[in-house]
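>>> Sequence plus the predicted model coming up.
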Amino acid sequence: MLSNAEIGIDLGTANILVYSKNKGITLNEPSVVAIDTVTKNVLAVGKEAKDMIGKTPGRIVAIRPLKDGVIADYDITTDMLKHIMRKAAKKMGFSMRKPNVVVCTPSGSTSVERRAIHDAVRNAGAKKIHLIEEPVAAAVGAGLPVDEPVANVIVDIGGGTTEVAIISFGGVVACHSIRVAGDRLDDDIVQHVRKEYNVLIGERTAENIKMEIGYALVDHEEQFMDIRGRDLVTGLPKTVTLSSYEIQKAMKEALLQILEAIRATLEDCPAELSGDIVDRGVILTGGGALLKGMEEWLSKEIVVPVHLAPSPLESVAIGTGKALQYIHKLQQAIK
Ligand code: ADP
Ligand code: MG
């Protein structure tokens, strides 16, 4: 076949994934770039760069150019995309031809931000570019019948943003996007440890704590974890034992904001679709959905069934890749 390769890119705030119809997920790397601030050279992208966060000497900084869900640094985002697309191309063997790309945009993004994503992908070497709204991609990837006139409710808890959307007949009928998600939970843990113990920990350590002993607001058996940080009084390394109870309390406010966004979206649902939500429930996706107890807590709070998508970290990427098949039915959502 002479046509250009078709790939889907999930340009996430925490992770970038590339999906191709034939090969599935071909690349999955943290959205992190390590830069030499003096020469402005990109030193590393992806996992290698993430491992440098908080550990580099002064002139090297590890940057997350999409941290809050939109492109904060355009040039670095373009550089990151170039690296990622080159790496994916090598793996897929389409290096000779410019790929057609479907890339997702956060539902709360402005037309200027969408234009920036479009241009960054073009500058990174794509031929044809389609943008798809992230919740629609997540729903397609989770296998929901987005092209039917039924309510599909999707909650995507990523690194920088939580997106809640009701999708019916190929379009978004109600949505809320908030800048409270996984990163905020990590921040809250950093603040808690600083305030309670006078110990400073890095964001990587905080993320590990969240994954190991973090629970949504559900009852559970108390767990403990030893962590190391810098004592702010003596300046020396110190070990602290943390309980899952205190971590839960530290994350409480942010979790309640996520719940509020879901409630607000359900309240915006057209009456004719409300019945579907009760029958079909809410689908959770994104890495934040993997927090222990999330399904159980949310279903208790909103009194609607809540299900975890089959591969929460991959739904959006799979959806962007598959969206091309739906392109005619999803006219409203794909530009
Ligand atoms: P994005 O789409 O914004 O790139 P992802 O969907 O890749 O984000 O999710 C990344 C977020 O999910 C991070 O905040 C990460 O800490 C969180 N995460 C990943 N695995 C888990 C887990 N097992 N428990 C809690 N949070 C998790
Ligand atoms: Mg995402």
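Right, received. Where do you want to start? Ligands and ions are numbered 1, 2, ... in the order given.
>>> Tell me the residues of this protein that contact ligand 1?
12-15, 158-160, 182-183, 207, 210-211, 214, 286-288, 290-291, 313 (C-beta under 6 Å from any ligand atom). All C-beta spots, glycine's among them, are computed from the backbone N, C-alpha and C.
>>> Compute the number of surrounding residues for residue 104.
Residue 104: 28 surrounding residues under other C-beta atoms under 10 Å.
>>> Show me what the helix or strand it falls within is in contact with.
Using DSSP states H and E, the element containing residue 104 is strand 100-105. Applying C-beta atoms under 8 Å, 6 or more residues apart in numbering, the contact partners of strand 100-105 are 4-11, 113-114, 117-118, 121, 126-134, 137, 316, 319-321, 323-324, 334.
>>> Which parts of the following helix or strand past that strand count as buried, going by neighbours?
Sequence order places helix 111-123 as the next helix or strand after strand 100-105, per DSSP H and E. Under the neighbour-count criterion of 16 or more other C-beta atoms under 10 Å, helix 111-123 has 114, 116, 117, 118, 120, 121, 122 buried.
>>> what would the residues you listed look like in CSV with pLDDT?
Putting the buried residues of helix 111-123 into CSV (pLDDT from 0 to 100) gives the following:
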residue, pLDDT
114, 87
116, 85
117, 86
118, 92
120, 87
121, 90
122, 91
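>>> Let me know how buried the residue of the stretch 201-335 of the chain found nearest ligand 1 is, in neighbour terms.
Of all residues in the stretch 201-335 of the chain, residue 287 sits closest to ligand 1, at 2.2 Å by C-beta to the nearest ligand atom. Taking other C-beta under 10 Å as the criterion, the count of residues near residue 287 is 19.
>>> Name the nearest residue to it, sequence neighbours excluded.
Ranked by C-beta to C-beta, 6 or more residues apart in numbering and with sequence neighbours excluded, the top spatial neighbour of residue 287 is residue 313, at 5.2 Å.
>>> pull the longest helix from the chain.
helix 244-267 (DSSP state H).
>>> Quick one: work out the angle between the next helix or strand after that one and helix 244-267.
Sequence-wise, the next helix or strand downstream of helix 244-267 (DSSP H and E) is helix 271-280. Interaxial angle, helix 271-280 versus helix 244-267 (axes from the mean of the first three to the mean of the last three C-alpha atoms, to 10 degrees): 140 degrees.
>>> Which residues does whichever helix or strand comes after helix 271-280 contact?
Following helix 271-280 in sequence order, the next helix or strand is strand 282-285 (DSSP H and E). Counting by C-beta under 8 Å, 6+ apart, strand 282-285 makes contact with 138-139, 141-142, 144, 152-157, 262, 294-295, 298-299, 302, 304-309, 312, 315-316, all of which sit outside it.
>>> Out of those, which end up buried?
Looks like these have 138-139, 141-142, 144, 152-157, 262, 294-295, 298-299, 302, 304, 306, 309, 312, 315-316 buried, using 16+ other C-beta under 10 Å.
>>> Does residue 323 touch residue 138 like I think?
No. Residue 323 is beyond contact range of residue 138, at 10.8 Å (criterion: C-beta atoms under 8 Å).
>>> got the residue ranges for the strands in the stretch 101-250 of the chain?
With DSSP state E, counting those that start in this stretch as the criterion, the stretch 101-250 of the chain has strands at 129-133, 152-157, 162-168, 171-178, 199-200, 224-231, 237-243.
>>> Quick check: phi and psi on the residue of the chain most remote from its centre?
Most distant residue from the mean C-alpha position of the chain: residue 234, 37.3 Å away (C-alpha atoms, centre = their mean). For residue 234, the backbone dihedrals (degrees, to the nearest 10) come out as phi -90, psi -20.
>>> so what pLDDT did residue 327 get?
Note on residue 327: pLDDT of 63.
>>> Now do the contacts for the nearest residue to residue 164 once chain neighbours are set aside.
Leaving aside its sequence neighbours, residue 164 sits nearest to residue 265 (C-beta to C-beta, 6+ apart; 4.3 Å). Each residue near residue 265 by C-beta under 8 Å, 6+ apart is listed here: 153, 164, 165, 166, 174, 175, 176.
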